[in-house]
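Enquirer: Sequence first, then the predicted structure, then my questions.
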Amino acid sequence: MTEFDPEFDPELSPDLTADLDVDPALASAVLEIESHIAAEGWDQPARLYALVDTASLVEREPALAAAMGLDAASAHGSLTPIEQDQLAPDLSLEVALETIVWPPEVTGCAAVVERLVLPPDADPLIPNDPASAERFAREHPDRQDVRIVAGVTRAGATYCALRLRAHDDDQSVVGGSDLVPGLLELLGATLEEPGETPGHEGEKQR
């Protein structure tokens, strides 16, 4: 599902390595998710992933780790994405995130969502009503489809990978630590109160 995001600017960071203080484990996990999702094409629903410390996963769940092709040699300093159950079709990602609290063994989380974005000169013309704004965006001749993969960790690291439909190749993927601050804030909030049962707990590796 594609939604309208009036705040996102895909030109903020042209280089996947532009942020020198990026957590490499988080960036690697986000880019792994982005590559996997890209292989399945566009017009996909939002997705949510738990990010778990690979070394801990190998130690805690050796059979699962072996099935996923993970071992102690490949575990050090990496995060493994585990896809969660698909969100209800009538539930937006933002609303779903407000209901989720991850268990302590989850190191971070990541989300995938598609959005419509418009050029800056269209901002004054966007209607205030959300439904009208989305309709305006869908009909705008200069609209762009963008896929956002955003990830955060309990330590406060953030990373985003963005792909434009008009430039759908691996070399054109944009990366940075703060490209979609609103979504990163929502993801970070799900990691702030461990101990409760999460709203979506996954068992499926993608």
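Expert: Nice, I can see it.
Enquirer: State the distance from C109 to P45.
Expert: The gap separating C109 from P45 is 17 Å, by CB to CB, to the nearest Å. Heads up, the C-betas are built off the backbone N, CA and C, glycines and all.
Enquirer: my bad, should have said L186
Expert: L186 is 17 Å from P45, by CB to CB.
Enquirer: C109 and P45: which has the busier surroundings?
Expert: C109 (27 against 13; other CB atoms under 10 Å).
Enquirer: Was I right to think that one contacts G151?
Expert: Yes - using CB atoms under 8 Å, C109 is in contact with G151, at 6.9 Å.
Enquirer: Common neighbours of the two, please.
Expert: Both C109 and G151 are in contact with 49, 51, 187, where contact means CB atoms under 8 Å, 6 or more residues apart in numbering.
Enquirer: What's opposite the second one in the beta bridge?
Expert: On the basis of DSSP bridges, L51 takes part in beta bridges with P81, G108.
Enquirer: Counting residues, name the longest helix you see in the protein.
Expert: As assigned by DSSP state H, the longest helix anywhere in the chain is helix 24-38.
Enquirer: Do me a favour and average the pLDDT over it.
Expert: Throughout helix 24-38, pLDDT has a mean value of 95.
Enquirer: Okay, now the unreliable bits of this structure?
Expert: Residues of the chain meeting the criterion pLDDT under 70: 1-20, 59, 63-76, 118-143, 193-206.
Enquirer: all strands for the chain, in order.
Expert: 2-4, 47-53, 79-83, 108-117, 144-153, 158-164, 174-176 (DSSP state E).
Enquirer: mind putting these in JSON lines, distance to E98 included?
Expert: Below are the strands of the chain laid out as JSON lines (distance: least, CB to CB, whole Å):
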{"stretch": "strand 2-4", "distance to E98": "16"}
{"stretch": "strand 47-53", "distance to E98": "13"}
{"stretch": "strand 79-83", "distance to E98": "20"}
{"stretch": "strand 108-117", "distance to E98": "13"}
{"stretch": "strand 144-153", "distance to E98": "15"}
{"stretch": "strand 158-164", "distance to E98": "19"}
{"stretch": "strand 174-176", "distance to E98": "25"}
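Enquirer: from what I can see A150 touches D178, true?
Expert: No - counting by CB under 8 Å, A150 does not reach D178; the two are 9.9 Å apart.
Enquirer: Comparing these two, which residue is more hemmed in?
Expert: A150 (25 against 13).
Enquirer: So what sits opposite that one in the bridge?
Expert: Following DSSP bridges, A150 is listed with bridge partners A111, C160.
Enquirer: Could you count how many residues lie near the residue nearest to S56 when sequence neighbours are not counted?
Expert: Nearest residue to S56 in three dimensions, chain neighbours excluded: E105, at 6.8 Å (CB to CB, 6 or more residues apart in numbering). By the criterion of other CB under 10 Å, E105 has 13 neighbours.
Enquirer: ok so, going back, looking at the shared contacts of C109 and G151, which one is closest to C160?
Expert: Nearest to C160 out of the shared contacts of C109 and G151 is L187 (CB to CB; 10.3 Å).
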